[in-house]
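>>> 3D model of this:
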Amino acid sequence: MAIQCTQIGGGTTDILTVPNDGSVANGYAVTAMLFCNTAINPEDEIYTDGGDTYLELHLCASGAAAGPENLVLNNIPIPAGETFSMNDEKIILSPGDVVRAATTSPALITATISYMEV
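From the prediction side, this is the model:
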């Protein structure tokens, strides 16, 4: 098993890409995804919403851009200092597939994905 940790930046950020160069034969099985709002003192944040942010998550097939057709989490609120976990379903990604995320407060969310090669 492996983990991939990514700070979600401005716009849409690729948080996990399955290599499409032959190094991974069948793809990855994603076992868990955690999204942490790292705001510590919401009152000190520059955001008028107290450090809360909203998460959008896309599971994109090889070559596909993020869009409504691959949106799996839409506008999920993550309060300052809280973590949202997605670990009930296992997701199988083929070579070239990409997990992409976006937030309303780009500097505040870190994504951690646990996965294994299948």
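>>> distance of the spatially most central residue of the chain from residue 22?
Closest to where the C-alpha atoms of the chain average out (Cα atoms, centre = their mean) is residue 101, at 4.5 Å. Look at residue 101 and residue 22: by Cβ to Cβ, to the nearest Å, they are 27 Å apart. (Glycine included, C-beta is placed from N, CA and C.)
>>> swap in residue 79?
43 Å.
>>> Kindly state the pLDDT recorded for residue 107?
Note on residue 107: pLDDT of 75.
>>> Please name the residues that touch the closest residue to residue 92 other than its chain neighbours.
Closest residue to residue 92 in three dimensions, ignoring its sequence neighbours and counting by Cβ to Cβ, 6 or more residues apart in numbering: residue 29, at 5.5 Å. Neighbour list for residue 29: 90, 91, 92, 93, 115, 116, 117, 118 [criterion: Cβ atoms under 8 Å, 6 or more residues apart in numbering].
>>> ok, back up a step: strand partners of the strand or helix carrying the residue nearest to the centre of the chain, parallel vs antiparallel please.
In the assignment (DSSP states H and E), residue 101 maps to strand 98-103. Strand 98-103 pairs in its sheet with strand 13-17 (antiparallel), strand 53-60 (antiparallel), by DSSP bridges.
>>> continuing past that strand, what's the next helix or strand?
strand 109-117.
>>> circling back: now the strands paired with strand 98-103 as a markdown table including mean pLDDT?
Listed next are the strands paired with strand 98-103 as a markdown table, based on pLDDT from 0 to 100:
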| stretch | mean pLDDT |
| --- | --- |
| strand 13-17 | 97 |
| strand 53-60 | 95 |
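>>> Please identify the most buried of the ones you listed.
strand 53-60 (a mean of 21; mean count of other Cβ atoms under 10 Å).
>>> Contacts for that one, please.
12, 33, 35, 37, 39, 47, 66-67, 70-78, 84, 86, 91, 93, 97-105, 108-109.
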